[in-house]
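Undergrad: Everything below, folded, please.
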Amino acid sequence: MPPTPDSIVSLVTTSHYEALNEIPAGFEGRHRYVNVITASDNPRGQNTVFVDDRVEHESWDRYFIGLLDGEAWWAVDVPPDAADPSYGAGVDLRQFHAMVSEGEWLLAARALQTAEWARTHRFCGRCATPTHPAPGERGLTCPQCGLVNYPRVAPAMITLVTRGEMGADQEVLLARGARFPVPMYSCLAGFVEPGEDLEGAVIREVKEEVGVDVDDVRYVGSQPWPFPHSLMVGFRCNYVGGDIVCEEGEILDAQWYTKDQVRAGPEAGGVMVPPTISIAGKIIQSWLAE
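TA: Okay, the predicted model is just below:
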């Protein structure tokens with residue numbers, strides 16, 4: 001059968017690991033510990049991860065995050081002034097993706113987000129009292145005023161804008177973000193604002209970032225994105241009208257590209273697109289396969 005347009009590109013995380021907040025009673029299997037490391041001399045506070053079968057110091061905070069292949073996985077918050085338990089072997093999450101299975105990467109990402117959330121919510125945001133883990137759930141509760149903080153998940157839309165009828169001549173609108181460290185072109189993306197639905201965020205962000213109008217917003221998948229704590233919700237939409245006008249400070253360039261140009265790559269006069277570690281890469285590859 002030919003490829004179906006707008007194929008779902010979600011990972012379906014439950015098929016890779018079991019997300020849990022408390023270790024099952026009587027668990028007797030192996031344990032794996034994701035050390036979340038921030039070097040004290042790193043001015044950007046960039047985290048690296050290192051997976052081990054033991055904890056370097058029992059005093060370090062740890063949080064149960066789930067089961068994978070019968071093993072219990074934990075997030076370990078390595079204090080910034082502690083000796084590096086990886087002895088320099090820790091890697092950032094993007095590097096880690098190429099080294100492990102999808103389930104292991106997802107758990108490492110969950111560990112990093114959990115540890116970072118716990119670090120930044122040690123005190124109540126309402127009354128400044130030290131917080132404690134909430135029983136039975138992933139939360140930090142204030143014993144003074146009762147406020148409970150949960151891990152932050154920021155929903156963000158990401159969309160592929162197409163122009164023309166489906167087929168070899170259809171074009172996509174790809175943009176180079178001002179924060180991209182390499183000359184890569186990708187889907188348009190942006191965070192959802194309070195009081196806004198996902199489809200409305202797609203239409204607004206596309207207009208703001210490149211000045212064009214779109215309609216027929218269609219869901220195609222989602223992905224947890226731990227950079228630093230987003231949930232990317234993927235869409236396809238159709239170009240309606242307008243000329244490209246890049247948002248200053250956000251978009252360096254945006255152009256329409258054919259499938260041949262995307263397939264060619266930068267070496268052959270085409271364009272560099274994201275790898276399939278990201279939902280952007282998956283959406284683009286799904287479009288190419290139509």
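Undergrad: What ranges does the stretch 151-290 of the chain have for its strands?
TA: 154-163, 171-177, 188-191, 213-225, 230-241, 251-258 (DSSP state E, counting those that start in this stretch).
Undergrad: which other helices and strands contact the fourth one?
TA: In other words, strand 213-225. helix 102-119, strand 154-163, helix 198-210, strand 230-241, helix 279-288 (3 or more CB pairs under 8 Å, 6 or more residues apart in numbering; DSSP states H and E). For glycine as for every other residue, the C-beta is placed from the backbone atoms N, C-alpha and C.
Undergrad: Report the inter-axis angle for that strand versus helix 102-119.
TA: 90 degrees (axes from the mean of the first three to the mean of the last three CA atoms, to 10 degrees).
Undergrad: What strands line up against strand 213-225, and which way round?
TA: Next to strand 213-225 in the sheet, as set by DSSP bridges, lie strand 230-241 (antiparallel).
Undergrad: Run the chain-centre distance for the partner strand.
TA: 16 Å (CA atoms, centre = their mean, to the nearest Å).
Undergrad: again, but for stretch 91-110
TA: On CA atoms, centre = their mean, the centre of stretch 91-110 falls 12 Å from the chain's centre.
Undergrad: Repeat that for stretch 253-265.
TA: 24 Å.
Undergrad: Just the CA atoms of it, as PDB, please.
TA: Only the C-alpha atoms of stretch 253-265 are listed here, as PDB (Å, rounded to 0.1, in the frame of the first residue of the first chain):
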ATOM      1  CA  ASP A 253      15.900  32.500   6.900                       C
ATOM      2  CA  ALA A 254      12.900  30.700   5.600                       C
ATOM      3  CA  GLN A 255      12.200  29.200   2.200                       C
ATOM      4  CA  TRP A 256      10.000  26.900   0.300                       C
ATOM      5  CA  TYR A 257      11.600  23.500  -0.700                       C
ATOM      6  CA  THR A 258      10.700  20.700  -2.900                       C
ATOM      7  CA  LYS A 259      11.100  17.000  -2.000                       C
ATOM      8  CA  ASP A 260      14.100  16.700  -4.300                       C
ATOM      9  CA  GLN A 261      15.800  19.700  -2.600                       C
ATOM     10  CA  VAL A 262      15.300  18.200   0.800                       C
ATOM     11  CA  ARG A 263      16.500  14.800  -0.200                       C
ATOM     12  CA  ALA A 264      19.600  16.200  -1.900                       C
ATOM     13  CA  GLY A 265      21.100  17.700   1.200                       C
END
